[in-house]
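>>> Sequence first, predicted model second:
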Amino acid sequence: MDTELIQEVQKIQLEIAGEIKRICDKHKIDYFMDGGTLLGAVRHKGFIPWDDDMDFGMTRTEFQRFLEAASVELKPDFFLQTWNSDFEYGLAFAKVRKNGTLYQERVSQKSRCHDGIFVDIFPYDSLPDGLEQKKKMYRKLTLLKAMIKMKCQYCPWYAENQFSLKKWAAYLPIRFAALFANKNNLITKYETIATRYNAENTLKLFPQGGEALGQWELDRDIFNGTMMLPFEQESYPAPIKYDKMLRTAFGDYMTPPPIEKRESTHGVIKIITHQ
């Protein structure tokens, strides 16, 4: 995308973020900037210039409260997307989409899910402290997540903007197994396993993100409070220990990547910013 188009997309994402903020503030729902949005707030006081999405995070309890509030409060211009509200959507986190727009990603181009411009909202769940328990949990969730994507006609072998023959071949047995599975049952199993340890005061939390599970394992104390950080012309909450969070996730996050790597990895193939 050229700079002008990225800025148009970012403007709409700020509009969506404002609606999320309105609902969270009204219902006193705790949330925080996440991922590249948090990094952008700290390093750029707004969007990473070449970034084309916004991310918020919530603990599972607050996430459920948000889903309940947004299902009633969300203005008609927006759509709350989960794999329960949109049967063709195959991801374990929520998106708030802007109706009348299009943001078609290559990985989901065959799906019939709502594909407007969006802001991601990631629920955070507890990880078990035991290594073997954690590995077992990851294995089960990874398989279930892959099967759900196949039920929704996703093409994850197009990740990072390129076709991966190795990943396409790896998904062949998963695609076959998914033919005989019920999507609702898969979702129920996934959420049961993902939330199994939430009643325990374990050491770490992890987000139900789109990337490989285990890339983000974050100490619980990171989420013990928030502070406001500027983002473009607005301010949003950030974990008080945002430095610890960003260093865990990105390492030396204040050093921008080389110029040749400053690009979106969403593999967007078609964009419409207005009706």
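In hand now; what should we look at? Numbering: from 1, shown residues only.
>>> quick one: contacts of the helix or strand of the chain at the bottom of the mean pLDDT ranking?
Across the helices and strands of the chain, mean confidence by mean pLDDT, DSSP states H and E is lowest for strand 268-272: a mean of 89. Contacting residues not belonging to strand 268-272 are listed as 1, 5, 9, 52, 101, 102, 103, 104, 105, 106, 109, 117 [C-beta atoms under 8 Å, 6 or more residues apart in numbering]. Just so you know, the C-beta spots here come from the backbone N, C-alpha and C atoms, and that holds for glycine as well.
>>> Output those as a markdown table; include the columns secondary structure, neighbour count and pLDDT.
Formatted as a markdown table, these follow (DSSP: H, G, I helix; E, B strand; the rest coil; neighbours: other C-beta atoms under 10 Å; pLDDT from 0 to 100):
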| residue | secondary structure | neighbour count | pLDDT |
| --- | --- | --- | --- |
| 1 | coil | 15 | 67 |
| 5 | helix | 13 | 90 |
| 9 | helix | 24 | 94 |
| 52 | coil | 22 | 84 |
| 101 | coil | 20 | 97 |
| 102 | strand | 17 | 96 |
| 103 | strand | 24 | 94 |
| 104 | strand | 16 | 93 |
| 105 | strand | 18 | 91 |
| 106 | helix | 18 | 91 |
| 109 | coil | 15 | 90 |
| 117 | coil | 28 | 97 |
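>>> want to throw those residues into CSV with distance to residue 200?
Compiled in CSV, the contacts of strand 268-272 are given as follows (distance: C-beta to C-beta, whole Å):
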residue, distance to residue 200
1, 43
5, 46
9, 40
52, 37
101, 41
102, 42
103, 38
104, 40
105, 36
106, 39
109, 40
117, 38
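>>> now, which of those sits nearest residue 198?
residue 105 (29.9 Å; C-beta to C-beta).
>>> which residues does that closest one contact?
Here residue 105 is in contact with 115, 266, 267, 268, 269 (criterion: C-beta under 8 Å, 6+ apart).
>>> Distance check, it against residue 273.
Going from residue 105 to residue 273 by C-beta to C-beta, to the nearest Å gives 15 Å.
>>> which residues of the stretch 151-275 of the chain score low on pLDDT?
Using pLDDT under 70 as the threshold, the predicted model of the stretch 151-275 of the chain has low-confidence ranges 159-161, 210-211, 265, 275.
>>> show me where it has helices.
In the stretch 151-275 of the chain, the segments counted as helices under DSSP state H, counting those that start in this stretch are 165-170, 172-178, 183-194, 242-250.
>>> And the contacts of the second one?
If you take C-beta under 8 Å, 6+ apart as the criterion, helix 172-178 is touched by 143, 146, 147, 150, 151.
>>> cutoff 7 Å now
Here helix 172-178 makes contact (C-beta atoms under 7 Å, 6 or more residues apart in numbering) with 146, 147, 150, 151.
>>> Strands along the stretch 51-200 of the chain, start to end?
For the stretch 51-200 of the chain, the strands identified by DSSP state E, counting those that start in this stretch occupy 55-59, 78-81, 94-98, 102-105, 118-126, in order along the chain.
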